[in-house]
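I would like to see how this sequence folds:
(one chain, ligands or ions: 1)
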Amino acid sequence: MRVTIRDLRRMKRDGEKIPMITAYDYTSAQLVERAGIPLILVGDSLGQVVLGYDSTVPVTMDDMIHHIKTVVRGTERAHIVGDLPFLSYHTSVFDALRNAGRLLKEGGAQSVKLEGGQNQAPAVNRIVASGIPVMGHIGLTPQSVNQLGGYRVQGKSLKAAVQLMEDARALEEAGAYAIVLECVPAPLARMISERVAIPTIGIGAGVGCDGQVQVFHDLMGLYQDFTPKHARKYANLGDAIVSATSDYISDVQSDRFPTDKESYTLSRKVLDALSDHSASPV
Ligand code: KIV
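This next block holds a predicted model:
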């Protein structure tokens, strides 16, 4: 049985912090589940860290469904959140519902995430009313990078902070089961977390949130283009991969790979017969 949104609510009630990590493929999903992660986000950050785009804007519904399926296949217990990509829910409430439904029906996710607060409340309301749990996402909303003029901390002025509080309330009222707070000043994120009953999941929002989410490639030291201030490297897999690959290259070039142990052999009988055979022209 997978972790449910009821379990997440209970965790907030009991003061048990909620760890969430992104994953985009079968193998990494298997590994993070083995470590005991309860909540996995198949984020549209795959646009940068897997597909090599410079933002999440080009990511499509088909990209998301393709990757969600692999993560679902690699897990049994974790709750899988599928990210709705840019323009899959902005055009109408009907599109929002249809595309949210695709992430569950075709992808196999248990819930969806979308970016926005008050402005997306009608879509959240409609999706939730159809039986699909929705995680909100406010603060820095990367799909709006062109509008925001870059990846910056949000909610620093009084007006912007009040707006974020109202966004959080609007999402809760619309039925969202949790809210990601991205790049929000820590004291504001703590206040929001105290004022809503649903769990807040922070990324660059301080320790006062009910949970934390990080991008797999940032935690594992895999993404070389950029590391945000809020990320902590728990491993240096990027350097480990470069070093392992260069060992492999040099072993291949010097015949140290493969050895007999890594090769398949033939029986003496077949070998002898083959040698006789190859002695005469075919
Ligand atoms: O796509 C993503 O990885 C996200 C997280 C940064 C919350 O939305």
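
dump the residue contacts of the residue in the chain that the ligand sits nearest to.
Nearest residue of the chain to the ligand: Gly43, at 2.4 Å (CB to the nearest ligand atom). Just so you know, the C-beta spots here come from the backbone N, C-alpha and C atoms, and that holds for glycine as well. For Gly43, the residues meeting the contact criterion (CB atoms under 8 Å, 6 or more residues apart in numbering) are Thr22, Tyr24, Asp83, Lys113, Val215.

same check on Val59?
For Val59, the contact set (CB under 8 Å, 6+ apart) comprises Asp44, Leu46, Gly47, Leu51, Tyr53, Pro85, Phe86.

swap in Glu16?
In this structure, Glu16 makes contact with Arg10, judged by CB under 8 Å, 6+ apart.

what kind of secondary structure is it in?
The three-state label given to Glu16 by DSSP: H, G, I helix; E, B strand; the rest coil is coil.

and it, how far from Asp7?
For Glu16, the distance to Asp7 equals 10 Å [CB to CB, to the nearest Å].

which members of the contacts of Gly43 occur in helices, if any?
Members of these lying in helices (criterion: DSSP state H): none.

out of those, who's the most crowded?
Neighbour counts for the contacts of Gly43, by other CB atoms under 10 Å, peak at Asp83, which reaches 29 neighbours.

dump the residue contacts of that one.
For Asp83, the set of contacting residues under the criterion of CB under 8 Å, 6+ apart consists of Leu41, Val42, Gly43, Asp44, Met64, Val112, Lys113, Leu114.

quick one: which two of those are the most distant?
Taking CB to CB as the measure, those reach their widest spread between Val42 and Leu114, a distance of 13.4 Å.

ok, Gly108 - contacts?
Under the contact definition (CB under 8 Å, 6+ apart), the residues listed for Gly108 are Ile68, Lys69, Val72, Ile80.

how close does it get to Ala35?
21 Å.

with Asp14 instead?
Counting by CB to CB, the gap from Asp14 to Ala35 is 21 Å.

now do Asp272
52 Å.

more neighbours: these two, which one.
Between Asp272 and Ala35, counting by other CB under 10 Å, Asp272 is the more crowded of the two (11 against 8).

quick check: Pro85 touching Asp63?
Yes: the criterion here is CB atoms under 8 Å, and Pro85 meets it with Asp63 at 7.1 Å.

neighbour count for these two, which is higher?
More crowded of Pro85 and Asp63, by other CB under 10 Å: Pro85, with 25 against 18.

what's the local residue count around the closest residue to Gly204 other than its chain neighbours?
Spatial nearest neighbour of Gly204, excluding adjacent residues (CB to CB, 6 or more residues apart in numbering): His230 at 3.4 Å. His230 has 16 neighbours, counted by other CB under 10 Å.

my guess is His230 meets Cys183, correct?
Yes: with contact defined as CB under 8 Å, His230 and Cys183 form a contacting pair (7.3 Å).

now do the shared contacts for these two.
With contacts defined as CB under 8 Å, 6+ apart, the residues shared by His230 and Cys183 are Ile203, Gly204.

who wins for most neighbours among the contacts of Gly108?
When neighbours are counted as other CB under 10 Å, the busiest of the contacts of Gly108 turns out to be Ile68, with 28 neighbours.
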